[in-house]
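Asks: What follows is a protein structure lacking sequence information:
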């Protein structure tokens, strides 16, 4: 099982899940999409509830955003996990492989978003191309840099409460309005401004 390869206690696995969902939530918020709620569970709690997902970030009403934003959102959970592992001195190649495996659904969402905008997503075959996932990951990293302290605060709240209402997310992300004056495209303007419609769904 991937949890065996991850080789972390349940408390740290919960923290990883919280960082993942906080990464998604932060970029949804920065893209101007209202969130319904964000929630996390331990593996034990998820099993008791009979659900597979240990975390969910659920968007609210339908919204239209740039394709580049949607792709960065998809990559943000995995990138937030990777960054937290590195900052905590816990990163290994095996753990990086696990979080990539766990982000398979996010990558699938990215593919669907690209298809909706009549674009083709690649994974390492076109380094530097705006629709190659390596570029999208770099884009997500640049955006996370802007709101990283807020991502950590939101993750703390998720670990403590297990669920955060969408209306509380903006204050947790930027109580001092950090990063709100720096939209993602000002940080890294690599992705074309195609638009897609986001419907209410978990990520």
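Replies: That came in fine, so what should we check first? These figures come from a predicted structure and were not determined experimentally. Numbering: from 1, shown residues only.

Asks: Give the full set of residues in contact with residue 35.
Replies: Neighbour list for residue 35: 25, 28, 29, 57, 58, 59, 60, 166, 169 [criterion: Cβ atoms under 8 Å, 6 or more residues apart in numbering]. Every C-beta, even on glycine, is put in place using the N, C-alpha and C of the backbone.

Asks: can you do 10 Å?
Replies: 24-25, 28-29, 57-60, 164-170 (Cβ atoms under 10 Å, 6 or more residues apart in numbering).

Asks: repeat for residue 48
Replies: By Cβ under 10 Å, 6+ apart, the neighbours of residue 48 are 41, 42.

Asks: Mind listing what's buried along the helix or strand that contains it?
Replies: Taking DSSP states H and E as the criterion, residue 48 maps to helix 43-49. Neighbour counts over helix 43-49 (16 or more other Cβ atoms under 10 Å) mark residue 46 as buried.

Asks: re earlier: ok, so of the contacts of residue 35, who is nearest residue 127?
Replies: Closest to residue 127 out of the contacts of residue 35 is residue 24 (24.7 Å), distances taken as Cβ to Cβ.

Asks: Check which element follows the strand or helix carrying the closest one along the chain.
Replies: Element membership for residue 24 (DSSP H and E) is helix 10-30. Later in the chain than helix 10-30, the nearest helix or strand by DSSP H and E is strand 35-40.

Asks: Next, the angle helix 10-30 makes with that following strand.
Replies: 170 degrees (axes from the mean of the first three to the mean of the last three Cα atoms, to 10 degrees).

Asks: Strand partners (parallel or antiparallel) of strand 35-40?
Replies: strand 55-59 (antiparallel), strand 163-165 (antiparallel) (DSSP bridges).

Asks: Which among those is found nearest to residue 14?
Replies: Per Cβ to Cβ, nearest to residue 14 of the strands paired with strand 35-40: strand 55-59, 9.0 Å.

Asks: tell me which residues in the closest one are buried?
Replies: Applying 16+ other Cβ under 10 Å to strand 55-59 flags 55, 56, 57, 58, 59 as buried.

Asks: Likewise for stretch 84-99?
Replies: 84, 85, 91, 95, 98, 99.

Asks: What lies in contact with that stretch?
Replies: Contact partners of stretch 84-99, identified using Cβ under 10 Å, 6+ apart, comprise 1-8, 12-13, 15-16, 18-20, 22-23, 77-83, 148, 151-152, 155.
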